[in-house]
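[1] Provide a 3D model corresponding to the input given below.
(one chain, ligands or ions: 1)
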Amino acid sequence: MSIAYAVAKSVIGYYIKRMQNAQPKYGLDRGKVDLRGKRFGRLFVKTYVKGGLWHCVCDCGGEATVLTRNLNNGNTRSCGCLQKSITAKMRTTHGMSNSTEYHIWRTMKARCSQPTDCNYPNYGGRGIKVCEQWQNSFEAFLADMGRRPAGLTLDRIDVNGDYEPGNCRWATTAEQNTNRRNNHKIEFGGRTLTVTQWARELGVKPGLIANRLRAGWSVHRALSQPRGGSRHD
Ligand SMILES: [Zn+2]
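    Reported below is the predicted structural model:
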């Protein structure tokens with residue numbers, strides 16, 4: 001009785017085990033290591049498909065069909081959700097998404113590349129661009145410019161130049177206004193040139209003329225008095 005029971009138990013056990021391992025459609029390839037029930041990262045292997053492919057379910061609820069070697073060597077550890085979350089994390093690793101610099105970077109890009117931006121006509125519309133490394137990376141912009149000193153704004157030294165490392169600085173509003181004034185057109189002696197063009201023509205720095213105008217000098221005096229002449233006034 002007990003022997004018959006033991007035999008029956010082992011026979012039934014054998015068939016139960018066979019059924020549990022049975023594949024509905026395809027058998028395991030000969031010599032293939034059975035990965036069913038094994039876990040690889042977020043993936044849990046359910047069934048063998050064919051051609052070295054395993055059907056897996058992911059912790060996120062997704063599914064994936066993965067090659068044996070990609071499971072074994074760790075190349076594939078999720079349905080794709082892992083990479084997505086890593087990418088999302090990398091995007092915010094600078095941890096400065098709420099910072100002033102990040103806001104400045106976003107608005108700089110918008111006015112140069114989005115025709116719908118209200119400032120676009122004065123920037124992108126005039127051919128002002130953001131250099132490629134800044135366009136693609138907030139980190140690159142931050143590395144080149146550094147944190148913004150309190151009260152200063154992003155300024156282009158040559159207002160007709162692009163947003164790029166050599167042409168940008170954090171500047172006070174006064175410095176920005178001087179800079180803009182350098183591009184203001186001034187009529188003198190029947191000719192109309194920008195401050196920068198006058199300075200080039202007269203062989204002085206644009207800042208000299210700009211400073212004189214800011215100090216209230218007349219255009220005539222600002223453009224005609226020799227450099228250093230102000231000492232005698
Ligand atoms: Zn997933």
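[2] quick one, phi/psi of the residue nearest to the spatial centre of the chain?
    Closest to where the C-alpha atoms of the chain average out (CA atoms, centre = their mean) is residue 137, at 3.7 Å. Main-chain dihedrals, residue 137, degrees, to the nearest 10: phi -150, psi 120.
[3] For it, give its distance to residue 212.
    Per CB to CB, to the nearest Å, residue 137 is found 41 Å from residue 212. Glycine gets a C-beta too; all of them are placed from N, C-alpha and C.
[4] cool, residue 149 as well?
    With CB to CB as the criterion, residue 149 and residue 212 are 27 Å apart.
[5] again, but for residue 38
    Separation of residue 38 from residue 212 (CB to CB) stands at 80 Å.
[6] Between these two, which has more neighbouring residues?
    A side-by-side neighbour count of residue 38 and residue 212, using other CB atoms under 10 Å, places residue 212 first with 20 against 14.
[7] I'd assumed the more buried one was in a helix, is it?
    Yes: counting by DSSP: H, G, I helix; E, B strand; the rest coil, residue 212 falls inside a helix.
[8] so what's the residue lying closest to it once chain neighbours are set aside up against?
    Nearest residue to residue 212 in three dimensions, chain neighbours excluded: residue 222, at 3.9 Å (CB to CB, 6 or more residues apart in numbering). Residues counted as contacts of residue 222 (CB atoms under 8 Å, 6 or more residues apart in numbering) are 209, 212, 213.
[9] Where does the first one sit: helix, strand or coil?
    Spelled out, that is residue 209. helix.
[10] quick one, helices of this protein?
    Remark: helices assigned in the chain by DSSP state H are 2-21, 68-72, 81-91, 100-113, 132-136, 138-145, 173-181, 195-202, 206-214, 219-224.
[11] Flag the shaky bits of this structure, pLDDT-wise.
    Along the chain, segments meeting pLDDT under 70 span 1, 16, 18-31, 87, 89-93, 178-183, 228-233.
[12] How about the residues of it by the ion?
    The chain has residues 58, 60, 62, 78, 79, 81 near the ion, with proximity defined as CB under 5 Å from the ion.
[13] hmm, 8 Å instead?
    Neighbours of the ion within the chain, by CB under 8 Å from the ion: 42-43, 58-62, 64, 78-82.
[14] For the residues you listed, pick the one with the most neighbours.
    Neighbour max across these (other CB under 10 Å) = residue 43, 26 neighbours.
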